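**Q** What would the 3D arrangement of this be:
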Amino acid sequence: MIKKILIFVFLFFVSSELILRLSQFYATHTEKTINVFINPFKQKFEGHYKANSEHEINTTEFSFRHIYDKFGFRNESNLSKDAEILAFGDSFTEGMGTHQDSTWVKFLSQKLDKTIYNAGKIGSDPHFYLNEYRRIRNNINVDKVIVLLNFSDIADFRFRHSKEIKCDVNINLYKNLHLYRFYNHFLLGKDYMFLQKKNRKELLKKILEDIITTIIELDKECKEDNRKLLVFIHPLPQQYYKNLDSRLNFNYIENLAFQLNLNCVKTFSLRNDLEKLIETKENWRKISWEIDGHFNAKGYKSLADVIYSKLMTTKDF
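**A** Below is the predicted model:
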């Protein structure tokens with residue numbers, strides 16, 4: 001009898017593990033897109049790309065070649081000489097999911113008839129923008145600096161910079177056992193940043209304070225160089241049709257816009273303008289990659305259009 005019970009329990013757990021794996025319900029973003037689990041606390045991030053290099057970005061849905069200039073960014077080789085605007089951001093600015101000539105930076109450049117230097121990098125965050133600005137500030141002649149932010153910047157700060165916020169999850173178990181993910185996320189209620197409900201609000205507030213401090217420092221250094229910093233915060237398409245995590249409150253990123261404006265950093269929220277384009281699954285699929293979640297060329301054009309309309313309504317441009 002005991003043997004039968006043990007066999008039943010064993011088969012139950014094995015079948016449950018297989019069901020969870022096949023459903024990909026608790027699969028990470030990198031597992032869904034490039035079939036690899038990456039420890040979020042140990043992501044390799046070494047600043048800009050190798051100068052004058054090329055890299056093929058391959059996922060389960062697309063493949064695009066990225067060509068990098070002498071500063072290690074996705075631009076034509078001599079663009080830095082003539083640039084009038086400098087744009088920082090993460091993968092949405094580098095243009096993951098589209099050709100080199102179809103990023104929002106390229107579309108906005110065409111609408112403004114101004115040369116924009118794309119200093120976006122996949123996985124980057126405001127600390128990166130500050131450090132890279134310091135590296136290239138004297139080698140680029142611009143009078144405006146644009147920073148594009150989204151909710152992923154909160155996660156980047158949590159994993160990369162907020163080391164004092166401890167994680168009580170065993171990453172090796174998490175990597176290899178989906179039942180362990182089920183235990184943490186469903187039973188314990190942790191979000192994908194491994195923050196618990198009881199102190200999530202407090203910790204997110206601290207992360208936002210760190211981001212605000214970094215952006216304010218960037219604004220200060222831009223002013224020292226007689227440059228105007230403009231910050232744009234855009235929603236992620238998946239937060240509407242899939243909702244990256246039901247425990248997350250995306251209003252936190254809107255609060256970031258409010259706090260930055262209070263500190264005299266000109267900041268625009270693009271949420272209301274983009275919601276009508278991405279609030280339904282049908283619309284979302286037209287402008288974004290379904291699994292990966294990044295915009296396609298049509299989506300980046302829509303993003304550029306919204307940024308352009310904001311710029312045309314401000315005296316700071």
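**Q** give the contact list for the closest residue to Asn52 other than its chain neighbours.
**A** Excluding the flanking residues, the one nearest Asn52 by CB to CB, 6 or more residues apart in numbering is Lys70, at 5.9 Å. To be clear about C-beta, it is placed using only N, CA and C from the backbone, and glycine gets the same treatment. Contact analysis of Lys70 by CB atoms under 8 Å, 6 or more residues apart in numbering lists Ala51, Asn52, Ser77, Ser80.
**Q** which pair in these spans the largest distance?
**A** Pairwise distances across the contacts of Lys70 (CB to CB) peak at 12.5 Å, for the pair Asn52 and Ser80.
**Q** Mind checking which of the two has more residues around it?
**A** The residue with more neighbours, out of Asn52 and Ser80, is Ser80; 21 against 12, by other CB atoms under 10 Å.
**Q** and the nearest residue to that one once chain neighbours are set aside, what pLDDT?
**A** Spatial nearest neighbour of Ser80, chain neighbours left out: Ile140 (5.1 Å); criterion: CB to CB, 6+ apart. Ile140 carries a pLDDT value of 92.
**Q** This structure: strands as residue ranges?
**A** 54-58, 63-67, 85-89, 116-120, 144-149, 228-233, 266-269 (DSSP state E).
**Q** The third one - what's its average pLDDT?
**A** By that I understand strand 85-89. 97.
**Q** One more: the last one?
**A** Per-residue confidence for strand 266-269 averages out to 94 on the pLDDT scale.
**Q** what's next to it, contact-wise?
**A** Strand 266-269 is contacted by residues 228-233, 254, 256-257, 260-261, 307, 310, 314, 316 when judged by CB under 8 Å, 6+ apart.
**Q** So of those residues, which two are at opposite extremes in space?
**A** Lys228 and Glu254 (22.6 Å).
**Q** residues contacting Asn283?
**A** Contacts of Asn283 by CB under 8 Å, 6+ apart are Lys276, Leu277.
**Q** Same check on Gly123?
**A** Contacts of Gly123 (CB under 8 Å, 6+ apart): Gln43, Phe45, Asp90, Ser91, Asp156.
**Q** which of those residues count as buried?
**A** With neighbours counted by 16 or more other CB atoms under 10 Å, the contacts of Gly123 contain buried members at Asp90, Ser91, Asp156.
**Q** Name the single longest helix found in the chain.
**A** helix 200-224 (DSSP state H).
**Q** That one - what's its average pLDDT?
**A** Rounded mean pLDDT across helix 200-224 is 94.
**Q** so what secondary structure elements neighbour that helix?
**A** In terms of contacts (3 or more CB pairs under 8 Å, 6 or more residues apart in numbering; DSSP states H and E), helix 200-224 is packed against helix 126-136, strand 144-149, helix 152-160, strand 228-233, helix 251-262.
**Q** So which bits of the last one are buried?
**A** What it means is helix 251-262. For helix 251-262, the buried set under the neighbour-count rule, 16+ other CB under 10 Å, comprises Tyr252, Ile253, Glu254, Leu256, Ala257, Gln259, Leu260.
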